[in-house]
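Student: Return a 3D structure for these sequence lines:
(2 chains)
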Amino acid sequence: ETGVTQTPRHLVMGMTNKKSLKCEQHLGHNAMYWYKQSAKKPLELMFVYNFKEQTENNSVPSRFSPECPNSSHLFLHLHTLQPEDSALYLCASSIGGKTDTQYFGPGTRLTVL
Amino acid sequence: AQKVTQAQTEISVVEKEDVTLDCVYETRDTTYYLFWYKQPPSGELVFLIRRNSFDEQNEISGRYSWNFQKSTSSFNFTITASQVVDSAVYFCALSEVRDDKIIFGKGTRLHILP
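Tutor: Numbering: from 1, shown residues only, chains lettered A, B, ... in the order given. Next comes the predicted model:
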């Protein structure tokens, strides 16, 4: 596989479920990102990891819990979500920081019932 | 304050027409980077261009061209001889070095009609 992959591509979950989104990058990058894209809203940067360490959390509710076990993998653990959390969740990676080009995965379309 | 404005929410043009997507930005930083991404219906953001604040040369890549003007804080994107496959949402983004931030515009949805 090349580039940035995300699984699953689609996810429907109830408010009491626990699920995880997975992102994997095959580009040898050191930084990884989670974004939320809601309808009619700009892309919102949620979390940033550099060399496996979280360097940014943009006031994201604790029902979203990221995990970065190594520079190639990024997870977003979800629990007790709300319907307004329904969105496209995009993962990206870059060589260094945010001034470097970010390469995006195809996203996970999440629906919370 | 850091800001990216894509005033055109939605544009429709007939195939083979030229179309320009506008991007105006605000920043206090003297060193920054500008980006354009394309988001087709599949959802993935596809990187198109990265430009730093010290390089005002215009760039052409095939049917795509970019006009960077610091005097007007604009980084506009033109598609020449548009094709149906160009239909997508296009995002402009600004990344500042000093504040280590990145912000995306709200995007312009482009429809190319056959």
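
Student: can you pull the contacts of residue B:28?
Tutor: B:1, B:2, B:98 (C-beta atoms under 8 Å, 6 or more residues apart in numbering or on different chains). Every C-beta, even on glycine, is put in place using the N, C-alpha and C of the backbone.

Student: Out of those residues, show me where the pLDDT dips lowest.
Tutor: On pLDDT alone, residue B:1 ranks lowest of these, at 73.

Student: Okay, the closest residue to that one other than its chain neighbours and residue B:100: tell me how far apart.
Tutor: Nearest residue to residue B:1 in three dimensions, chain neighbours excluded: residue B:26, at 6.3 Å (C-beta to C-beta, 6 or more residues apart in numbering or on different chains). Separation of residue B:26 from residue B:100 (C-beta to C-beta, to the nearest Å) stands at 17 Å.

Student: The spatially closest residue to residue B:58 that is not a sequence neighbour: neighbour count?
Tutor: Nearest in space to residue B:58, with sequence neighbours left out and distances taken as C-beta to C-beta, 6+ apart, is residue B:67 at 5.3 Å. By other C-beta atoms under 10 Å in any protein chain shown, the residues close to residue B:67 number 16.

Student: so what's residue B:67 bridging to?
Tutor: When assigned by DSSP bridges, residue B:67 has beta-bridge partners residue B:76.

Student: That one contacts residue B:57, correct?
Tutor: No. Counting by C-beta atoms under 8 Å, residue B:57 is not a contact partner of residue B:67; they are 10.1 Å apart.

Student: now the contacts of residue B:28: which count as buried?
Tutor: residue B:2 (16 or more other C-beta atoms under 10 Å in any protein chain shown).

Student: which one of the contacts of residue B:28 is nearest chain A?
Tutor: Nearest to chain A, judged by C-beta to the nearest C-beta, of these is residue B:98 at 10.4 Å.

Student: right, and that closest one touches residue B:27 too?
Tutor: No. Residue B:98 is beyond contact range of residue B:27, at 9.2 Å (criterion: C-beta under 8 Å).

Student: which stretch of helix or strand covers the residue nearest the centre of chain A?
Tutor: Centroid-nearest residue in chain A: residue A:34, 3.1 Å away (criterion: C-alpha atoms, centre = their mean). Assessed by DSSP states H and E, residue A:34 sits inside strand A:31-37.

Student: what are the pairing partners of that strand, and which direction each?
Tutor: Take DSSP bridges as the rule and strand A:31-37 pairs in its sheet with strand A:44-50 (antiparallel), strand A:87-94 (antiparallel).

Student: Beta-bridge partners for residue A:6, please?
Tutor: residue A:23.
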